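S.K.: Generate coordinates for the sequence data below:
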Amino acid sequence: MTHLKPILLLLLSFYFFTAQGITRPGNFGNQFTEATQLMEEGLWRESIQIWKDLVASNPENANVNFKLGYCYLQTATDKDMALKYLEKAAELEMSKDYDPYEPREVAAPVETLYYLGHSLHLNYELDRAIDIFEEFKKRIKRKHHLFAEAEHQIEMCKNARKQMMSPREFGINSLGPIVNSRYEEHSPVISIDENALFFTSTRVRDDSSNVYQGPRGTPIIYEDIYVSYRNREGEWQTPELLNISKANAHSATVSVSPDGQKLIIYYDDSGNGDLYKSVLVGETWTEPEPLNEMVNSDAWESHASMTADEKTIFFVSNREGGEGGRDIYRVTTLPTGDWSKPLNLGSAVNTAYEEDAVYIAPDGKTLYFSSNGHSSMGGFDIFYSSLGVDDQWSKPENIGYPLNTADDDLFFSPTADGGRAYYSSRKDGGIGLKDIYSIDLPNLEIEANFTVLKGYIYAPEGESLPADALLQVIDMESGEMLEYKPRQRDGGYVAILPPCKEYKLQYFANNAVVSSEEMKLPCNSNYNELKKEVFLQPVYVNGAEPNTGLELEADEGATESEEEIEESVEPETELEVADNEEDEEVDEVEVTVDDLSEFEVTFSRRFNYAHNSFEGTDANFRQFVNSVKEITKNDRMVIITIEGSASKVPTSDYPSNYELAMSRAQNAKKIISQKLMEAGVQENAIRFEDLKASVQGPNYNNDVNENRKVYERFQYIKVTAK
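M.R.: Below is the predicted model:
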């Protein structure tokens, strides 16, 4: 109904009374209809421009005030502009018989009270908001579609009041104008070493190819995916547009693997959003492939996060059968290598409302996510939950105010230790519509029981990192082996290691071991961080071209005759190899001598099964001896370390595989000492450190014929002279 009396309707069929006078329907009516249609299409900013004009010329029209305030509430950055228009609409007139499509409607709907309460909530006028919501509930029936929402809003106002009484100390710092632009940056995800930041931006490309003409001629800027790398001085570099950003569609960041080399992204796919995975190969991201069919479905999948071992994926979907709208699900890899059916995390995590933006910590035991259920203080809040020893998730905890606000707070990307995080927000003094910030977090009492091993493998000056450079981490108890590739651009690498284990680290380059060591991680429940750097040096042997590394395996072109190696397998227990005169020629030496104050000479040799010694007559070993002799001149002391290694294939010739590995190291020491003395090196010019022995590789499964090459990789000695 309107203010107009029935007797005036006929006289004013082409005109409307307003406080400002008369408006022609050819102007007002057409504008009203166009703005309403834009609202139907979700083009809020385009409709706002029209409603602003209509409010300016019709300030006492409750309907246009309501519609302008409602549109402002739908924007991401201008919600605070809604309050004065909704207050004005509520003061003028509201009608239960409201017609949203009728230009002659001058009253506002009774639902104005709901949106006014929401606007007051966003502006932290919490007591007034609660009163308005209560008034709204009195004016409608319980079956009204906003009755339950009004009750939920009242609960969130009370939660906000409680959170604001105990604010947390968050240090919030903008990443500055290098990362942020005058446009919108959001959805940041950070690699574990904090050296690669991926985010979504509406900035215009250099060639403007992501700017298109939308409905009714409105310009649309499609979202793209960018990455900024931090240099070794800790400075963020100019963001780079990723080649996986789609043309004519929105592309968004979702999550990244700990090493920053596997990215999960979101494509809109014509309104039915799906999740994709891309891998960094060299400097190029591979064509994104959809996540497995257990994750993507005909429903809407909006977010996902993968555990550090890539064996479990947590994802968000609004598929049927959940607790509410969007829920968090989990899939894991089965022994067959297939993915399990999706498991809903249940009512401990999911609510009758919406969950989104899931992130699983590197240890797989702390889950961060956003929800507008639980104890949200308004819109989506960030929560965390821990996995107990009973395999149940704890009651989610609100991360607190002022990080959480009365508005939506999503896309929270914490660091490995939980001490910092990255998120996007619109703040006073910001550079653009939304900027990316780093946050110093207070103690959230989250246990992080794992170690992050990170560092760099540096290529020689002026050279590129070898394409096959990698870190190999071997669990010395189980023999499980994992490999981690460094970033091609800077050599950075990251590995997540569970506690209470002994590991062997081997750094490879050019198919050779360039550095190795053993370490034992403590069993405490603390987060640990180790930093290790490996420098690859040019190596010259007998005038050969520079090389790096230590060859542990025979060249692919090398062949072995049946006379050289004969293998037989005793039932279930032992592997026997016939004796032969000499192991195959697979030893190699490498020398690094920048000047005579710093040097390193290494020699390695691979053995056939059960063999533990060598003659020391081949050219490579002689080169090793001559190099050590040269360095000992001028009274220089050389320290020699020897490592013997054996596989886990059972042996009947030694009490244990460890004894076999140690015998290799002991025999190597005898031969090296003997040959150095014969070459004229004084005994007091060299010193042997404690010998090392290790048993490595996969467990033996009576499969020597199939996996002989795998086992042979761990039958060697390595000698280093410094």
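S.K.: Show me the shaky parts of this protein.
M.R.: 1-26, 215-217, 270-271, 443-446, 525, 537-599, 610, 634, 652, 704-705 (pLDDT under 70).
S.K.: Now do the residue nearest to the spatial centre of the chain against residue 514, distance only.
M.R.: Closest residue to the average C-alpha location of the chain: residue 256 at 2.5 Å, with Cα atoms, centre = their mean. Per Cβ to Cβ, to the nearest Å, residue 256 is found 28 Å from residue 514. Any C-beta I mention is one placed from the backbone N, CA and C, and that applies to glycine too.
S.K.: Is the closest residue to the residue nearest to the centre of the chain other than its chain neighbours within a helix or a strand, and which one?
M.R.: Spatial nearest neighbour of residue 256, excluding adjacent residues (Cβ to Cβ, 6 or more residues apart in numbering): residue 189 at 4.6 Å. Element membership for residue 189 (DSSP states H and E) is strand 185-190.
S.K.: For stretch 508-517, list every residue counted as buried.
M.R.: 508-510, 512-516 (16 or more other Cβ atoms under 10 Å).
S.K.: In PDB, could you pull the C-alpha coordinates for stretch 272-288?
M.R.: Once non-C-alpha atoms are left out, stretch 272-288 reads as follows in PDB (Å, rounded to 0.1, in the frame of the first residue of the first chain):
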ATOM      1  CA  ASN A 272      29.100 -25.000 -10.500                       C
ATOM      2  CA  GLY A 273      32.400 -24.400  -8.900                       C
ATOM      3  CA  ASP A 274      35.100 -27.100  -9.000                       C
ATOM      4  CA  LEU A 275      38.600 -27.600  -7.600                       C
ATOM      5  CA  TYR A 276      41.700 -28.100  -9.600                       C
ATOM      6  CA  LYS A 277      45.400 -28.900  -9.000                       C
ATOM      7  CA  SER A 278      48.400 -27.500 -10.700                       C
ATOM      8  CA  VAL A 279      52.100 -28.400 -10.200                       C
ATOM      9  CA  LEU A 280      55.100 -26.200 -10.700                       C
ATOM     10  CA  VAL A 281      57.600 -27.700 -13.100                       C
ATOM     11  CA  GLY A 282      60.700 -25.600 -13.500                       C
ATOM     12  CA  GLU A 283      59.200 -22.100 -13.800                       C
ATOM     13  CA  THR A 284      55.800 -23.100 -15.400                       C
ATOM     14  CA  TRP A 285      52.600 -24.300 -13.800                       C
ATOM     15  CA  THR A 286      51.100 -27.300 -15.400                       C
ATOM     16  CA  GLU A 287      47.600 -27.300 -16.900                       C
ATOM     17  CA  PRO A 288      45.200 -27.600 -14.000                       C
END
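S.K.: looking at this, residue 119 is in a helix?
M.R.: Yes - assessed by DSSP: H, G, I helix; E, B strand; the rest coil, residue 119 belongs to a helix.
S.K.: My guess is it contacts residue 73. True?
M.R.: Yes - using Cβ atoms under 8 Å, residue 119 is in contact with residue 73, at 6.4 Å.
S.K.: Give me the more crowded residue out of the two.
M.R.: residue 119 (25 against 21; other Cβ atoms under 10 Å).
S.K.: Next, the contact list for that one, please.
M.R.: For residue 119, the contacting residues are 69, 73, 79, 82-83, 86, by Cβ atoms under 8 Å, 6 or more residues apart in numbering.
S.K.: what do you get if the cut-off is 7 Å, keeping everything else the same?
M.R.: 73, 82-83, 86 (Cβ atoms under 7 Å, 6 or more residues apart in numbering).
S.K.: for these, which one is nearest residue 308?
M.R.: residue 73 (40.0 Å; Cβ to Cβ).
S.K.: So for the helix or strand that the closest one is a member of, what gets flagged as buried?
M.R.: Secondary structure assignment for residue 73, by DSSP H and E: helix 62-74. Across helix 62-74, burial judged by 16+ other Cβ under 10 Å covers 62-73.
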